[in-house]
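Participant: Sequence plus the predicted model coming up.
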Amino acid sequence: MKELLPNGRIGTGRGSDYESDPLPSRFGPHSNHTRLGCAQVKWIEWQSGSERVFLSAFGAGCVPMSTVLAHIYSDEGFVVAADGINVLRNGAELEITSRDTRKIFDWPGVNRALACTLFGRVTLYDDAGEEPVFNFISASNDASRAISSMPIRDTEEFVGKLAPLVAEKLVALKQDGTLSRYPSPEPKRIGETGSTIVRLFLDGYFDGEPFRTGVRFYNDNQRIGWGSISEHNLGHAGWAIYGSPVIAHLLFDTEDERFKRYRTDASKLAVELCKKGGRVPTLQHAIEIATNYIAACSDPIAIESDPNCAYYGGRIHAAIITPKDGFQWVPGFEPTLAA
C-alpha cells in the first residue's frame, strides 16, 4: 500500500456516478493467474454481517454493487461489459441522472492493451454540493495517457506509476483550498485500510500475457491512499461479475423461467465447461454471458427478486481485449458518450 499524507482537509458534498455499495474482500489474496477449484456452495456469508456474497456452483463469484459489471476471460481474450445507469446520491436520496453513462475505457500503451472500469464516488463536489471539482474518470484517463509511452512490466508496476498521478491531483485541490475534506462513502471494511472512495478494475495484456487486477483509492483519516484489490483476479474460472448476487444465482444456477431469455446455449455450455475446470471457450460465448447477465439484472422483472435492480439498466456497452488487436468495442454495444 502506498499513501500520500497531505495536510488539511478535502470536501465531499454530494456523490455521483454509479455509487458503489460495500465490496467485501471475501476471496482473499490470489495471484493474477490463480484459478480456484470448483465450489459447490451457492451462498457464503461475508463476516461483516448483513451482506451475502454469491458463489456459483462452478466457482464464479458475484459481489453486490449498485452498478452492474461483467468481466469474462475466455480462451480468445477478455470481454468487459457494463450497464449505463448513473446515480446521483444527495443525502439519503438516489436519483437516476443518466441511462447512457460510459463506464469502460481503453488504456493502451507501448506493450499493453487494457480496459479500465470505474465505480464508486467518481465525481467529487465542493462543500456546498453544487459544483463538481474532481472527476476520477478524467484524472485516471489523463494518468494512463501520461504513462502510455513507458514500457511497463505488469499491473503492479502500472498501478505504481498511475496511482500517484491521480492522487497528486487530489492533494493539489486540497492545498489550494478548492476542497475541504475527503469523502468517506463506504464504511471501513475488515482487511481494508480506510474508506474506499473509488475502485478501478483492469483487464488486459502486458507483452501478450493476460492480467487482471484492481486498485482502490481511499480516505484514511483525511489521508489519500491506494492499494490493490486482490479479489479481482483470473481465478473463479475467469469470471468476475458485480451487481446482483440474487440475479446471478437465478440466472446461472437455476432454471427460473423469468430469466429464460437470458440463459442462452452459450452460457449453459460455458457454465458446464467451467464446472470441469475449463474456461469460457470463445469471445462470442463471453459476450453472450456478460451482456445477458447485465440485461437480466436490468430487466424490470428482476426487481421482484432484488429491489436494488431498480438502479440497474440503461445502455449496455461492452468491449473485447485481445493480445493481437487490443481494445475494441463489441459491435452493437458501443457507448454513445465519449471519454
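Facilitator: It's in.
Participant: for whichever strand or helix holds residue 292, which positions count as buried?
Facilitator: Assigned by DSSP states H and E, residue 292 belongs to helix 283-298. Within helix 283-298, the residues that qualify as buried are 283, 285-298, counting by 16 or more other Cβ atoms under 10 Å. Backbone N, C-alpha and C define where each C-beta goes, glycine included.
Participant: quick one: which of those is nearest to residue 241?
Facilitator: Using Cβ to Cβ, residue 293 comes nearest to residue 241 of those, at 6.1 Å.
Participant: Check whether that closest one really touches residue 239, as I assumed.
Facilitator: No: taking contacts as Cβ atoms under 8 Å, residue 293 lies outside contact range of residue 239: 9.5 Å.
Participant: okay, and the common contacts of those two?
Facilitator: Contact criterion Cβ atoms under 8 Å, 6 or more residues apart in numbering; residues bridging residue 293 and residue 239 by contacting each: residue 70.
Participant: Skip ahead from the helix or strand harbouring residue 217 and say which helix or strand is next.
Facilitator: Per DSSP H and E, residue 217 falls inside strand 209-219. Using DSSP H and E, the next helix or strand after strand 209-219 towards the C-terminus is strand 224-228.
Participant: where's that following strand relative to the chain centroid, distance-wise?
Facilitator: 16 Å (Cα atoms, centre = their mean, to the nearest Å).
Participant: strand partners of that strand, parallel vs antiparallel please.
Facilitator: Applying DSSP bridges, strand 224-228 is found paired with strand 2-4 (antiparallel), strand 209-219 (antiparallel).
Participant: Indicate which one of these is closest to residue 76.
Facilitator: strand 209-219 (10.9 Å).
Participant: Give me the longest helix you can find in this protein.
Facilitator: Looking across the chain with DSSP state H, the single longest helix is helix 155-175.
Participant: Can you tell me the strand partners of the next helix-or-strand element following it and which way each runs?
Facilitator: Remark: after helix 155-175, the chain's next helix or strand is strand 195-206, criterion DSSP H and E. The pairing partners recorded for strand 195-206 under DSSP bridges are strand 112-120 (antiparallel), strand 209-219 (antiparallel).
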